Structures are given as structure tokens and as C-alpha cells.
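Visitor: Sequence first, then the predicted structure:
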Amino acid sequence: MGIFRAVISSAILVIFIYVAHQLTRFTDFTWLGQSMIVSFLILLFSMVIGTFLFFFKERSVEANPWRDRLINASLTAMAYINFLITLVILRDVFAFADNIFTSLPIEGLYSSHATTTLLSIPVLLLLIGNLVVQTGPIIKTLSLKFKNLPPELEGLRIVHVTDLHIGATMPLRFIRKLVSRMTDLKPDLVVFTGDILDGFAAKHTAEFNILRTLKAPHGIFYVPGNHEYYWDIHSGLQAFRDAGFHVLLNDTVNIKKGASLLQVMGTPDPAARAFDMEGPNFPRLKSQLIPESFKLGLIHQPFLAPKAQELGVDLLLAGHTHGGQFFPWNWLIVFFQKYSKGHYRLGNMQLYVNQGTGYWGPQLRLGTYCELTEIVLRKG
């Protein structure tokens, strides 16, 4: 862990040097103006590095409001830096391309006025991104057709939640808004596909008390994501069980509806293995399956989809990717995740990747939104 922290801190330092250089070296700022920019960047980067190092050391389950505010401020600083770096790189790439191909007069790009604008744009992006989060989860409804859907499952409504990340930066009002909208949908079945909890369960009893009010005739099902394993996974899983959730760890639950059988199966995240716990066990799941059933699979990371397809899963629900969450990662996510968000077909199996009902880190989404998915099963 010490080596990991050193590598990350060194990478942040290199980025700082690049950004500071590009924002001051070619501008017509006075010495005082350049010093103010560098000092501002030192403050932002120090907040990110300092909180990063402290975060991995401080593991108290006691509530510390000042700590949560510090983390929130540092994550906001991280988002600002993200936008600033992106803009600086785009400016440099444009200038480089112009120097090779067109030779247009671009001196104005590096003027004090342009640099001030460059430093201001991230603030606007932060405000817009935060406004997206403040609106709460947006309901996305889609009908999925299956040739093998049993008649009694026609019109079954599934509500899908993923990547809520209940933690230091998630306000209670967001959870209340989510549960209210879920309740209004009157789902037959509710599923949570991981990274719902991103902190010690003992710190979030208020959130679990709200989640406890959820109701669905055919049950509420949950599989853990990678983040739950970072925060005492055993107490976290128990908190979900106490809230009335069916926790699926390579398990299958059979739901009879008339003469039809729906099997809901779920796997833990591969991160479990790093904590000496069982990870995804598809042979074990296969032994529980009944050929004539309609099979609903729950996983956290969508790269496991081909394994689920081999089992004959009909509908697989996943999360993890956040759809990139904010610019520019919402554009780059496709290079890291084959199934980044939305609907996919793998042979006879359909996969849906929810882009995340909450958010990780800073309270913002830009180019994505907080998604609450309602899936209606149809024959066809």
C-alpha cells in the first residue's frame, strides 16, 4: 500500500508541474500573477494529495463531520483539476496541430485573458455537474422483449439500482428522493447491483433505515460491488440483510408465478478474492439452474457478461462503469469498458448496464446522469 500511495502521489506531482508550467510559462502575466496561479494550484493539489494519504490511514467508524467536509472539498478540488487538465491538454493539442498544419495566429490562446478564462471554465462545469446530481435520480424506462418469456412474467417490472455509493459525500435527501421515486414506480422486483455502500455500515444507519422502507412483491435483491469490500464487508452485508435485502453470493432464488419460474441469481464482485472471500463462482451457479426457468442475473462488473451468457442467463443487469460519470471520462470510458452503459445483446442473452444511480467522489455528473432504471419484461 505504501508503494501504491507513493506512485499515485508522484503522478499527481508530475501533473501539477505540467499544469503549472503551461498556465504560467507562455503567458503575459506579471510575476505576481504567475505566483498567484501557482499558489492556487499548490492549494488544490495539496488538498487532493493530503486527503488521499489521510483517507487510507484513517479508518475510524466514528462519525466525524469535519472529515466528511474535508473529503468533500478535496474531491471537488480533484474534479476542478480534472477539468483544468483536460482544457490545458486540449489547448496544447490544438496549438501543436496548428503549428504543424495551418500556422494560424494562436498567441491569444496563451494570453493572460485566455488563461484566466481557462481557470474559470472548470467552476462553471462544477456548478452544472452538481445541478445534475441535485435533480436526483432520473427514471429510465425500457421494455425488453424475450422469445422465451413465460406468459405469467409478461409485464413484470424490475427496478434496477447500482453504484449509489452511500458515503461521506452522499446526503440523506438524495436517498429519500431515490426511495420515493422507486416507491412511486410500484415495482414487482427490485435489484441492487453493487457499490451501494461506500463506507462503514455503522456510520450509515439513517440511510439503511430509509432503504428498509422499500417494498416489492417478489423481493429486493442485492449483490456487492468492489467498494463494499473496502469497508468491513461482513458488517455491510449484514446491514443489507437487516434491511430486508436478499444478499446473493453465488446464490439463486426461485420465484414462482403461476406455472412460471423466475430464477434470480447473483455473484459477488471479483474484489472479494483480495479479501480472502469467494469471488464469482459460475459453476456453482450453474448447478442451481433449472432449464425451463427464466433467468435473471445480477453482477457488478459487466466484463463478466460472457460467463453469464454461458450459463444461459436471459437478462443480465450490471453497473460499475458510471458511464464515465463526468467529462472527459464519459467519452473515454469506451476504451476501458467493452460494455460501458446501456443495452447489449450477447447471443440469446440481453445485458443492461446502468450508468449509476448515485455518483462516486465529487457531487457531480457531466455528460451522464443519475439513472434509476425501470425494466418491463415483454414477450416477443
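Guide: That came through fine. If you're wondering where the values come from, they're calculated on a predicted model, not measured in any experiment.
Visitor: Domain-wise, how is this protein divided?
Guide: 2-133, 137-379 (automatic domain parsing).
Visitor: Lowest average pLDDT across those domains?
Guide: Lowest mean pLDDT of the domains of the chain: domain 2-133, a mean of 85.
Visitor: about what we covered before: reformat the domains of the chain as JSON lines; add mean neighbour count.
Guide: C-beta here means a position set from N, CA and C on the backbone, and glycine is covered the same way. Converted to JSON lines, these look like this (neighbours: other Cβ atoms under 10 Å):
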{"stretch": "domain 2-133", "mean neighbour count": "14"}
{"stretch": "domain 137-379", "mean neighbour count": "19"}
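Visitor: Show me where this structure has its helices.
Guide: Counting by DSSP state H, the segments of the chain that form helices are 2-24, 31-57, 65-101, 112-134, 172-185, 205-211, 233-242, 282-286, 305-310, 329-332.
Visitor: of all the ones you listed, which lies closest to residue 380?
Guide: helix 305-310 (20.2 Å; Cβ to Cβ).
Visitor: C-alpha coordinates for that closest one, CSV please?
Guide: The C-alpha trace of helix 305-310 is given here as CSV (Å, rounded to 0.1, in the frame of the first residue of the first chain):
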residue,chain,number,x,y,z
ALA,A,305,-21.2,-10.9,-19.0
PRO,A,306,-19.7,-13.7,-21.3
LYS,A,307,-19.5,-16.0,-18.3
ALA,A,308,-23.2,-15.4,-17.5
GLN,A,309,-24.1,-16.0,-21.2
GLU,A,310,-22.5,-19.4,-21.0
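Visitor: Give me the contacts around that helix.
Guide: With contact meaning Cβ atoms under 8 Å, 6 or more residues apart in numbering, helix 305-310 is reached by 280, 282, 297, 299, 316, 318, 339, 344, 346-349, 351.
Visitor: who touches residue 227 in this structure?
Guide: So residue 227 contacts 165, 194, 195, 197, 198, 360 (Cβ under 8 Å, 6+ apart).
Visitor: Spatially nearest residue to residue 268 (excluding sequence neighbours)?
Guide: residue 249 (5.0 Å; Cβ to Cβ, 6 or more residues apart in numbering).
Visitor: before we move on, back to that, save the helices of the chain as CSV, and put in distance to residue 268 too.
Guide: Converted to CSV, those look like this (distance: least, Cβ to Cβ, whole Å):
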stretch, distance to residue 268
helix 2-24, 23
helix 31-57, 23
helix 65-101, 27
helix 112-134, 28
helix 172-185, 23
helix 205-211, 20
helix 233-242, 9
helix 282-286, 11
helix 305-310, 13
helix 329-332, 26
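Visitor: and the most centrally placed residue in the chain, how far is that from residue 362?
Guide: Geometric centre of the chain, nearest residue: residue 322, 3.8 Å, by Cα atoms, centre = their mean. The gap separating residue 322 from residue 362 is 12 Å, by Cβ to Cβ, to the nearest Å.
Visitor: try residue 71
Guide: From residue 71 to residue 362 the distance is 10 Å (Cβ to Cβ).
Visitor: Mind listing the shared neighbours of the two?
Guide: In contact with both residue 71 and residue 362: residue 169, using Cβ under 8 Å, 6+ apart.
Visitor: hmm, back to that, show me the contacts for the residue nearest to the residue nearest to the centre of the chain when sequence neighbours are not counted.
Guide: Excluding its sequence neighbours, the residue lying closest to residue 322 (Cβ to Cβ, 6+ apart) is residue 356, at 4.2 Å. By Cβ under 8 Å, 6+ apart, the contact list for residue 356 reads 162, 163, 319, 321, 322, 323, 325, 368, 370, 371.
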